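Enquirer: here is the input, now give the coordinates:
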Amino acid sequence: MDQLDQECLSTMPKAILVRIKGRVQGVGFRPFVYQLAKKYGLKGTVQNNMDGVRLVLEGQEKTLCYMLDELENKSPRLSRMDSIESKELSYSNFQDFTIIPSERLGTSSLVIPVDASVCDECLKEMNDPTNFRFQYPFINCTQCGPRYTIIDELPYDRTFTVMREFEMCEKCRNEYNDPTNRRHHAQPIACPSCGPKVTLYSINGKKAATGSDAIHLAKEQLKAGKILAVKGIGGYHLACDATNQKAIEELRRRKTRPQKPLAIMVKNIELVKTSCEVNSLEEKALTSTEAPIVVLRQKQPHQLPTALAPGIKTLGVMLPYTPLHHLLFAESKLDYLVMTSANPSGMPMLYKDDEAFDYLGDIADYVLTGNRKIKHPIDDSVIQVINSEITFLRRARGYIPDPIYTKNSHHGVLAFGSQQKNTFAIGRHHEIFVGPHIGDMNHYNMLQHYNQELDHLLQWMGPFENPVIAIDKHPGYTVRELLDKFNPSKVVEVQHHHAHHVSCMVDNGVDECCFGIILDGTGYGEDGNVWGFEILYGDAVNYKRLAHLRYTPLPGGEKAIKEPWRIAVGMLIEHFGVEGKKVSEQLFPEKKYEIGIIHNMIGKNLNSPLAGSCGRLFDAVSAILGVCTTSSYDGEAAIKLSELMDATASLSNNGYGYQFNRVGELLEIDFARCLSGIVHDYVNGRNKKEIVHAFHETIVKACRDCIKIMSTQLPQANRKVVLSGGSFHNPFLVTQMKRILEIEGFRVYTHKQVPCNDGGLSLGQLKVASAQN
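Expert: Here you go, the predicted model:
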């Protein structure tokens, strides 16, 4: 007799109440419970409520035990049970098992369902000429389709989604009401007779075709080199044939996006493998229900046009994740499509039909849309596999709004995030909800979008009266404008890099004080300078800055970020004075006049803020080596520099020199010798790849040595180290930093659930505010 039999010996009738919390609504959970109850001959009810799902079960104790075991171990693929509580009830002698109407009483503690890629069963039906949903671009079931993006209110019922506008036909209603059917209580259920329709318009608003004709014509136009705006689950993409160099170049010209990599959608996984290197974990991510963009290494020689990702060996690749995507590839000569966000630079995701026509008139030739509205726009998630682990570059569709679970309660605490790659965060009891990727907050429309999405999530999770709010210490961040609206009981200002440090701690369940190596592009420092190469020690309550990169000027301020040659000149002049000016003129002879002006600016301290940032150090080296002197997108110089080396290479003994200077209580990391060595090697013709490898190695070893020094000076310090900040998207840096510190006996943590860039900042901010409250 097995353990379950021993625990369930009684055959006496028994009644129990079971409360299940987690992702259990909108995932086919009630039909699953219904079928289990029927299988085991149990009576009672199952109901959605504002906590999750509630079951009343009556039957023999042994049978109840078997059902609960199967409930826990064989639940639907999209479900996730976070807690199951049961208690005995008085026996009511139910005559049957039924699904009863949802209850909307009380405050919600629901985990809101995420959007999921179309499942194999739906694809099979969509491709079956005998099925009444043949070639229907909005086919879905309880195991796939839109969720988060279509919800107005909770609980998740059709009445509270955008699908309430579509009255079900008899066939759909029969499936919806049949507890044995895959679409039982599938809230977005639809078919060609009663559901949303797809339409192709020319960009001037003239209807070109509807239904299957619209999809067929769209395929023809894509193959002819046209650019289409295509409405997906979370918003509009701009699409063109990714094998057509001219179409790609035209898209870049129209969108004013000369260099930034373009994501592509590939017909199937087999074709992905012909053009890119794909390991098992990357394949698993590509084919998952989340269906993110996965950053893959291109095979050599490149199979696809270089215009997709100029100067870069990787591609952002995704598979079709909606029925419409699959139909665009079906029975056509299209195998690869560019699928890039349609929003103009600095603007929120486009998701309303009128916006597509208003903003894309000079970009798209056609608009392929459907009349199923999007309530919550959301971008594609982007991941990268490093060290056999999935890391997020952008956490969005398919993962939002899943919570991050913590040991302590953070209820009623909000975090407003950063200025770039913004996300917000909401604390609800032991859960932290990091919101969708919003983007850079430099445009008023972004603040409106941010406000809208924050309001909606608070509506579902609140109410939170007089919350504690965490914000970045930078006095000019746009999100500060929303503070008064929330009437906070307390505002906690969190230093940018402390938030990064704590974000990685929360991501790994680390509570105690630890070291942090925080490498990124920018962050407002306690001394008013730009930080970004920080060695910290602390926890969520307190931190101490131990070391940082030597400050150098940014001539022209923000202008220097877009013109990395200015950063290089600033560093060379700061480190080497007049000799640095001469070297700059040798490296950038066409900028000789401007270099003279910059030399005077630095001497007079005019518009040359001081920065000690890893991102700016990468920019400078990229410019010195002639890799990228002018940047058209965030991180371009650093990304293209790193592309020159083998990310899988090991450390050698070819790094450059560096030194540590004691400045008050701080250790200053001085890379003057490193820069001198790089210039010397470049001028004397050393292979660029060797120079770049040596530069990367220098950063890794300098950080290692710094941590060793600090751990010696702080003998009681915890030998744990967290790595955070956007520079750790660099595979070599994160891999070798982790390895070299572990050799020295440190335990090293990297991000798992949120990005190491500013997209994960709100998580750390919230934890700091909660701990300090």
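Enquirer: count of residues packed around the residue nearest to Pro258 when sequence neighbours are not counted?
Expert: Leaving aside its chain neighbours, Pro258 sits nearest to Ser632 (5.3 Å; criterion: CB to CB, 6 or more residues apart in numbering). Heads up, the C-betas are built off the backbone N, CA and C, glycines and all. The tally of other residues near Ser632 (other CB atoms under 10 Å) stands at 13.
Enquirer: tell me the secondary structure for Ser632?
Expert: Recorded secondary structure, Ser632: coil (DSSP: H, G, I helix; E, B strand; the rest coil).
Enquirer: after the helix or strand encompassing Thr98, next one along is what?
Expert: Using DSSP states H and E, Thr98 maps to strand 97-99. Heading C-terminal from strand 97-99, the first helix or strand you meet, by DSSP H and E, is helix 120-126.
Enquirer: and the next helix or strand along the chain from that following helix, what's buried?
Expert: Later in the chain than helix 120-126, the nearest helix or strand by DSSP H and E is helix 170-177. By 16 or more other CB atoms under 10 Å, the buried positions in helix 170-177 come out as 172, 175-176.
Enquirer: pull the CA atoms of stretch 483-493 into PDB?
Expert: Presented in PDB, the C-alpha positions along stretch 483-493 are these (Å, rounded to 0.1, in the frame of the first residue of the first chain):
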ATOM      1  CA  LEU A 483       3.600  61.800  -6.600                       C
ATOM      2  CA  ASP A 484       0.800  64.200  -5.500                       C
ATOM      3  CA  LYS A 485      -1.900  62.200  -7.300                       C
ATOM      4  CA  PHE A 486      -1.300  59.200  -4.900                       C
ATOM      5  CA  ASN A 487      -1.200  61.200  -1.700                       C
ATOM      6  CA  PRO A 488       1.600  59.000  -0.300                       C
ATOM      7  CA  SER A 489       2.000  58.500   3.400                       C
ATOM      8  CA  LYS A 490       5.700  58.500   2.800                       C
ATOM      9  CA  VAL A 491       8.100  59.000  -0.100                       C
ATOM     10  CA  VAL A 492      11.400  57.100   0.000                       C
ATOM     11  CA  GLU A 493      14.100  58.300  -2.300                       C
END
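Enquirer: one step back: tell me what the strand holding Thr98 is packed against?
Expert: Contacts defined by 3 or more CB pairs under 8 Å, 6 or more residues apart in numbering; DSSP states H and E place strand 97-99 against helix 29-40, strand 43-48.
Enquirer: gap between the spatially closest residue to Leu393 that is not a sequence neighbour and Leu766?
Expert: Using CB to CB, 6+ apart and skipping residues adjacent in sequence, the residue nearest Leu393 is Val382, 4.2 Å away. For Val382, the distance to Leu766 (CB to CB, to the nearest Å) stands at 23 Å.
Enquirer: neighbour-wise, which of those two wins?
Expert: Under the criterion of other CB under 10 Å, the comparison of Val382 against Leu766 puts Leu766 first, with 35 against 21.
Enquirer: what's the helix or strand for the more buried one?
Expert: Secondary structure (DSSP H and E) places Leu766 in helix 761-772.
Enquirer: buried stuff in that helix?
Expert: 761-771.
Enquirer: for those, work out which two are farthest apart.
Expert: Leu761 and Ala771 (15.8 Å; CB to CB).
Enquirer: circling back to that earlier point, with pLDDT and distance to Pro188 added, can I get the buried residues of helix 761-772 in a markdown table?
Expert: Shown next, in a markdown table, are those (pLDDT from 0 to 100; distance: CB to CB, whole Å):
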| residue | pLDDT | distance to Pro188 |
| --- | --- | --- |
| Leu761 | 99 | 33 |
| Ser762 | 99 | 30 |
| Leu763 | 99 | 30 |
| Gly764 | 99 | 35 |
| Gln765 | 99 | 35 |
| Leu766 | 99 | 32 |
| Lys767 | 99 | 35 |
| Val768 | 99 | 39 |
| Ala769 | 98 | 37 |
| Ser770 | 98 | 36 |
| Ala771 | 97 | 41 |
